[in-house]
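Visitor: have a look at this fold, sequence not included:
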């Protein structure tokens, strides 16, 4: 049976009314200065003008290229902490836009088949109820018009990297990640997304596992970098 066509004019008007109501009750805010912004903006004009006009370039462990959009300090670090620990999921759109912009500057000629993320453990997911890297990666995939794949899982608990000395961090991530399904990765070029790069050991370990699982090429892209 052919379904009756949907009234697009009515849908558009209703959606517009919902959006306007939401903007009044729950106004959008700039992730960096928290100023109220209109629903069609991701970042306020003042903070947009102050954004770095370059993409930072780092290497994850193993010499894997990684692009970064922002230095991790002051208002940028504050915004990332509110996103991760304050569950400000609405920041993901702005962070994804900046992350993708930086990745395009550094990897503009690189072909990617899919986007993946550095995953949390099941225990951490239950505790936090918010998988920040996955949300960010899915937004990046949308902007790049690429599929998002759950390529990795964190099957072992380990200590938080930021609590350890640099010399301990490489050992701390060994063997905690594994491929979910080799058929998702075999022969693919993947853009691996995370929120922050510090020493690059976590990203490097994830890339190592992906390549052992058959990935042809992996590049990394993050929102913030602690060392510039």
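Guide: It's in. This one's a predicted model, so the numbers in the text were calculated from it and none came from an experiment.
Visitor: what about the strands in this protein?
Guide: For the chain, the strands defined by DSSP state E cover 28-29, 36-37, 56-60, 64-71, 114-117, 152-154, 177-179, 189-197, 217-225.
Visitor: could you dump the ones you listed to CSV with mean neighbour count?
Guide: (C-beta placed from N, C-alpha, C; glycine too.) Below are the strands of the chain laid out as CSV (neighbours: other C-beta atoms under 10 Å):
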stretch, mean neighbour count
strand 28-29, 17
strand 36-37, 16
strand 56-60, 19
strand 64-71, 22
strand 114-117, 24
strand 152-154, 20
strand 177-179, 18
strand 189-197, 24
strand 217-225, 25
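Visitor: now the helices for this structure?
Guide: 8-25, 45-50, 74-85, 92-107, 122-128, 132-144, 166-173, 182-185, 201-212 (DSSP state H).
Visitor: need the contact list for the residue nearest the centre of the chain.
Guide: Central residue of the chain (C-alpha atoms, centre = their mean): residue 136, 3.2 Å from the mean position. Residue 136 is in contact with 92, 95, 96, 99, 117, 193, 194, 195, 223, counting by C-beta atoms under 8 Å, 6 or more residues apart in numbering.
Visitor: and the last one, how far from residue 121?
Guide: Relative to residue 121, residue 223 is positioned 21 Å away (criterion: C-beta to C-beta, to the nearest Å).
Visitor: now do the fourth one
Guide: Computed as C-beta to C-beta, the residue 99 to residue 121 distance reads 23 Å.
Visitor: between those two, point out the one with more neighbours.
Guide: Neighbours were tallied for residue 99 and for residue 121 using other C-beta atoms under 10 Å; the higher tally belongs to residue 99 (29 against 16).
Visitor: make TSV from the contacts of residue 136 and add distance to residue 186 and pLDDT to it.
Guide: Shown next, in TSV, are the contacts of residue 136 (distance: C-beta to C-beta, whole Å; pLDDT from 0 to 100):
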residue	distance to residue 186	pLDDT
92	29	96
95	30	98
96	27	98
99	26	98
117	19	97
193	20	98
194	23	97
195	27	96
223	29	98
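Visitor: now, which of these sits nearest residue 70?
Guide: For the contacts of residue 136, the residue nearest residue 70 by C-beta to C-beta is residue 223; the value is 6.1 Å.
Visitor: residue 66 is in contact with the closest one, correct?
Guide: No: between residue 223 and residue 66 there is no contact, the gap being 11.3 Å when judged by C-beta atoms under 8 Å.
Visitor: find residues that contact each of the two.
Guide: With C-beta under 8 Å, 6+ apart, residue 223 and residue 66 have no common neighbours.
Visitor: hang on, the earlier thing: can you put the helices of the chain in CSV and add distance to residue 58?
Guide: Listed next are the helices of the chain as CSV, based on distance: least, C-beta to C-beta, whole Å:
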stretch, distance to residue 58
helix 8-25, 37
helix 45-50, 22
helix 74-85, 15
helix 92-107, 10
helix 122-128, 24
helix 132-144, 17
helix 166-173, 15
helix 182-185, 23
helix 201-212, 9
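Visitor: with respect to residue 31, which of those lies nearest?
Guide: It is, among the helices of the chain and with distance given as C-beta to C-beta, helix 74-85, at 4.3 Å.
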